[in-house]
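# starting from these lines, generate the structure:
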Amino acid sequence: MHEDPRIIPGRGIEPFEVGRSGESQIALLTGEQAVEARGTMRVVKTRDVTLFIEDEVVTQVGIHEEHTGRTSDGLRLGMTLGEVAGELMLDPYNEVLLLAGVAGLCFSTDDDAELGRAADEAREEGAPVVLSRADRIMWIGVHLPEIDSPEAVTVRLK
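Next up is the predicted model:
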């Protein structure tokens, strides 16, 4: 029986690991690659994996599309926010969702516009963040724990 790749907050998404050399992790990618420069960061993307590389070190691994990875608590692509176990938080500066008490993990939904609006309101007005429990997780990222935002605010689901 084939096991889904494990998502390990703060460490990686099998077989990729944050904190490793960019070249060693790029060598693990399969399929066509697109490379983009974002300031000092290099972003290498395949159909379902993205590596974020700064100073030749992987600082974040992201999954999207049909990747089957999941955390030990079952967080996976395609599930709704209402299905997520744990307290949801929003990082209003990076516009990603977090789980309270879980360092090195972020994710976003199929409604980027709603997430962006909620982040703007939290940043500018200190407004409470309310998101739909029906929104689906479309991207999951694992990053170095020191990148976590201390500015995260609690999310309430409607």
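# three-state assignment of Glu124?
Three-state call for Glu124 (DSSP: H, G, I helix; E, B strand; the rest coil): helix.
# look up how far Arg38 lies from it.
According to C-beta to C-beta, to the nearest Å, Glu124 and Arg38 sit 24 Å apart. C-beta here means a position set from N, CA and C on the backbone, and glycine is covered the same way.
# list the contacts for the residue positioned nearest the centre of the chain?
Nearest to the mean C-alpha position of the chain, by C-alpha atoms, centre = their mean, lies Gly141 at 2.5 Å. Residues near Gly141 by C-beta atoms under 8 Å, 6 or more residues apart in numbering: Gln60, Val61, Gly62, Ile63, Val96, Leu105, Cys106, Phe107.
# list of residues touching the strand or helix carrying the fourth one?
Pointing back at Ile63 there. Ile63 belongs to strand 57-64 when elements are defined using DSSP states H and E. Residues outside strand 57-64 that contact it (C-beta under 8 Å, 6+ apart) are 7, 12-13, 16-22, 25, 41, 48-53, 69, 77, 138-144, 147.
# which strand residues bridge Thr80?
Judged by DSSP bridges, the bridge partners of Thr80 are Arg136.
# can you confirm Gly86 is in a strand?
No - read with three-state DSSP, Gly86 is coil and lies in no strand.
# shouldn't it be in contact with Leu105?
No - look at Gly86 against Leu105 with C-beta atoms under 8 Å: they stay out of range, at 10.2 Å.
# more neighbours: which of those two?
Leu105 (22 against 13; other C-beta atoms under 10 Å).
# quick one, what contacts that one?
Counting by C-beta under 8 Å, 6+ apart, Leu105 has contacts Ile7, Pro9, Gly10, Thr71, Leu75, Leu98, Leu99, Ile140, Gly141, Val142, His143.
# which phi and psi values does the fourth one adopt?
Think Thr71. phi -80, psi 170 (degrees, to the nearest 10).
# next one: it from Asp48, what distance?
Computed as C-beta to C-beta, the Thr71 to Asp48 distance reads 17 Å.
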